[in-house]
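Visitor: Sequence first, predicted model second:
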Amino acid sequence: MSNDATEANNTTAMTQAEKRSGTPEVRDTVYIGKKPLMAYVTSTLIQLANVPSVTIKARGMSIGRAVDVSQIISRKTENAGYSIGTIKIDSEALESQDGRTRNVSTIEIQIKRN
């Protein structure tokens with residue numbers, strides 16, 4: 001499943017959860033895809049206003065964008081008290097369209113309030 005498809009599924013799930021409970025669901029994960037960089041920075045900052053830490057997740061070609069998002073938040077908003085926590089790198093075995101199994105790198109970066 002691509003990052004954009006994952007984002008679409010998460011958006012749909014969040015909307016359904018909001019309908020069931022009547023209140024917005026607080027999420028603590030931002031999935032990085034192909035949107036503009038500042039869209040993810042803004043989304044992360046909004047979530048950090050509600051929860052003490054947020055995890056930025058990306059895989060494949062989006063890993064660089066995830067690192068950029070975390071650096072913008074920690075360096076440009078250092079007066080606001082955000083810092084980078086744990087960083088996990090891994091790889092996932094995915095089946096490509098031609099049926100082969102290939103490894104795709106993943107990263108999870110935790111951003112937290114001080």
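Guide: Yes, it's here. Numbers count the residues shown, from 1 in each chain.

Visitor: Could you use CA atoms for every contact and neighbour count after this?
Guide: Noted.

Visitor: Just list the residues touching the residue nearest the centre of the chain, thanks.
Guide: Centroid check for the chain by CA atoms, centre = their mean gives residue 30 as the closest residue, at 2.4 Å. Residues near residue 30 by CA atoms under 8 Å, 6 or more residues apart in numbering: 40, 43, 44, 54, 55, 56, 57.

Visitor: Among these, which lie within strands?
Guide: Here DSSP state E is the test, and those give 54, 55, 56, 57 as lying in strands.

Visitor: circling back to that earlier point, can you name the helix or strand that the residue nearest to the centre of the chain falls in?
Guide: Take DSSP states H and E as the rule and residue 30 turns out to sit in strand 29-31.

Visitor: mean confidence for that strand?
Guide: In this model, strand 29-31 has an average pLDDT of 95.

Visitor: Give the partner strands of it in its sheet and their orientations.
Guide: Applying DSSP bridges to the sheet, strand 29-31 is found paired with strand 53-59 (parallel).

Visitor: quick one: the helix or strand following the strand it pairs with to strand 53-59, angle?
Guide: For strand 53-59, the following helix or strand on the C-terminal side (DSSP H and E) is helix 63-71. If you take axes from the mean of the first three to the mean of the last three CA atoms, to 10 degrees, helix 63-71 sits at 160 degrees to strand 53-59.

Visitor: Packing partners of helix 63-71?
Guide: Helices and strands touching helix 63-71, by 3 or more CA pairs under 8 Å, 6 or more residues apart in numbering; DSSP states H and E, are helix 37-48, strand 53-59, strand 101-113.

Visitor: Check what contacts it and list those residues.
Guide: 32, 37-38, 40-41, 56-58, 84, 106-107, 109, 111.

Visitor: average pLDDT across it?
Guide: Mean predicted confidence for helix 63-71 is 96.

Visitor: Report all helices and strands that the next helix or strand after it contacts.
Guide: Downstream of helix 63-71, the first helix or strand assigned by DSSP H and E is strand 82-95. Contacts defined by 3+ CA pairs under 8 Å, 6+ apart place strand 82-95 against strand 101-113.

Visitor: Report the distance from the strand it packs on to the chain centre.
Guide: 9 Å (CA atoms, centre = their mean, to the nearest Å).
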